[in-house]
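1. Return atomic coordinates for the entry below.
(2 chains)
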Amino acid sequence: MGKIFFFAMLALAVLSGLLFAPETVELAIHPMDQFIVQPLFGHGDIAWYTPTNVTLWMVLAVAAVFALMVLGSSRRAIVPSRAQSLAELAYGFVYKMVEDVAGKDGVKFFPYIMTLFMFIVMANALGLLPMSFATTSHIAVTAILALLVFFTVTILGFVKNGSAFLGLFWVSSAPLALRPVLAIIELISYFVRPVSHSIRLGGNVMAGHAVLKVFAGFAGALGLFSFLPIFAITAVYALEVLVAFIQAYVFTILTCVYLKDALHPSH
Amino acid sequence: MEGDIAQMGQFIGAGLAAIGSGAAAIGVGHVAGNFLAGALRNPSAAAGQTATLFIGIAFAEALGIFSFLVALLLMFAV
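-> Residues are numbered from 1 along each chain as shown, chains lettered A, B, ... in the order given. All right, here's what the predicted structure looks like:
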């Protein structure tokens, strides 16, 4: 009985969709419109000090991290509240990651890596709210984060190891004739690091949000069938929540890997 | 550039670049599948290698994102 009813409804939907299909189907929302940087007040030019929607959502991300970590750990109850256990979970998670990947002497840089992780994960999560702005979708934002990591790691490597840091490019386990070639490849891959590091995060977030908006455009164009794209949006959104966390994790773990290279450059 | 042929080339190029996303999917599946195969043979060693798994997935995925970026540039920026 339920099956027959279901098929009857489906047939009705198909028929009505055919009858009342819109003549010209075009996307009501452009999928890339959500990434436009606008000043918060008025429509003037954007200078470096202008408060824009990017800066607003970055400030909100910092405020969210502050609220979670400071307010969460202010009570310090033996039986933790939800905020406290979340803060402790995040702290322990990042601490273990730094210790496992970068080694014992990498723990000195734990505050920096913790800051990176919390900021990225909060910016990604806030970007998933409807009508919000995904700051990490802009490669300008992620490039600054990645360049900071790159310069920190390079300067740290030279300060800690002196010229022995160049041993990172000299693969001593390879045959002698092959080493110059490998050195060039290693050098190129070293300088491509900030590019791939930033585009991985920015591209993932941008791709996810663009896909959400494309499906949203389908929902407007399909009329009665709009429930299909709405199911798809729900599924893609769940995937995006996962991606928001995994990309923050990947960004920080690659930072740890680069840090390990700087502290122990032997190949 | 202007004209229909140029626009056609733009669209075809964007479509070709989208193949890279599928190739990245193959790469990610390869990494995850091999991890699972190894993890089922030796489950006690699997927990310590999840970081390696995610690094491998990230490297494979980054190249797919690059091709997606090329497609986006062709569609909206050229």
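2. tell me which residues of the longest helix seen in chain B are tucked away?
-> With secondary structure taken from DSSP state H, chain B has its longest helix at helix B:4-41. Residues of helix B:4-41 classed as buried: B:13-14, B:17-18, B:20-21, B:24, B:27-28, B:31, B:35, B:39 (neighbour count, 16 or more other C-beta atoms under 10 Å in any protein chain shown). Where C-beta positions appear, they are placed from N, C-alpha and C, glycine not excepted.
3. Dump these to TSV, plus pLDDT.
-> As requested, the buried residues of helix B:4-41 are arranged in TSV below (pLDDT from 0 to 100):
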residue	pLDDT
B:Gly13	92
B:Ala14	92
B:Ala17	92
B:Ala18	89
B:Gly20	91
B:Ser21	89
B:Ala24	92
B:Gly27	94
B:Val28	93
B:Val31	94
B:Phe35	95
B:Ala39	94
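4. ok, A:Asn161 - contacts?
-> The contact partners of A:Asn161, by C-beta atoms under 8 Å, 6 or more residues apart in numbering or on different chains, come to A:167, A:262, A:265.
5. Can you flag the buried ones in the residues you listed?
-> For the contacts of A:Asn161, buried by 16+ other C-beta under 10 Å: A:262, A:265.
6. Name the nearest of the contacts of A:Asn161 relative to A:Phe133.
-> A:Ala262 (33.7 Å; C-beta to C-beta).
7. The closest one contacts A:Ala164, correct?
-> No. Look at A:Ala262 against A:Ala164 with C-beta atoms under 8 Å: they stay out of range, at 11.4 Å.
8. CA atoms of whichever helix or strand comes after the longest helix of chain B as PDB?
-> The helix or strand immediately downstream of helix B:4-41 is helix B:43-46, counting by DSSP states H and E. Coordinates of each C-alpha in helix B:43-46 appear next as PDB, following Å, rounded to 0.1, in the frame of the first residue of the first chain:
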ATOM      1  CA  PRO B  43      45.200  -4.100  13.600                       C
ATOM      2  CA  SER B  44      47.400  -3.300  16.600                       C
ATOM      3  CA  ALA B  45      49.700  -1.200  14.400                       C
ATOM      4  CA  ALA B  46      46.900   0.700  12.700                       C
END
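9. Would helix B:43-46 count as contacting chain A?
-> No. Helix B:43-46 is not in contact with chain A by C-beta under 8 Å from any C-beta of the partner chain; minimum separation 14.0 Å.
10. Who are the packing partners of that helix?
-> Contacts defined by 3 or more C-beta pairs under 8 Å, 6 or more residues apart in numbering or on different chains; DSSP states H and E place helix B:43-46 against helix B:4-41.
11. and the helix it packs on, what does it pack onto?
-> helix B:43-46, helix B:50-72.
12. now do 6 Å
-> helix B:50-72 (3 or more C-beta pairs under 6 Å, 6 or more residues apart in numbering or on different chains; DSSP states H and E).
13. Would you mind giving the secondary structure of A:Asp45?
-> A:Asp45 falls in the coil class when you classify it by DSSP: H, G, I helix; E, B strand; the rest coil.
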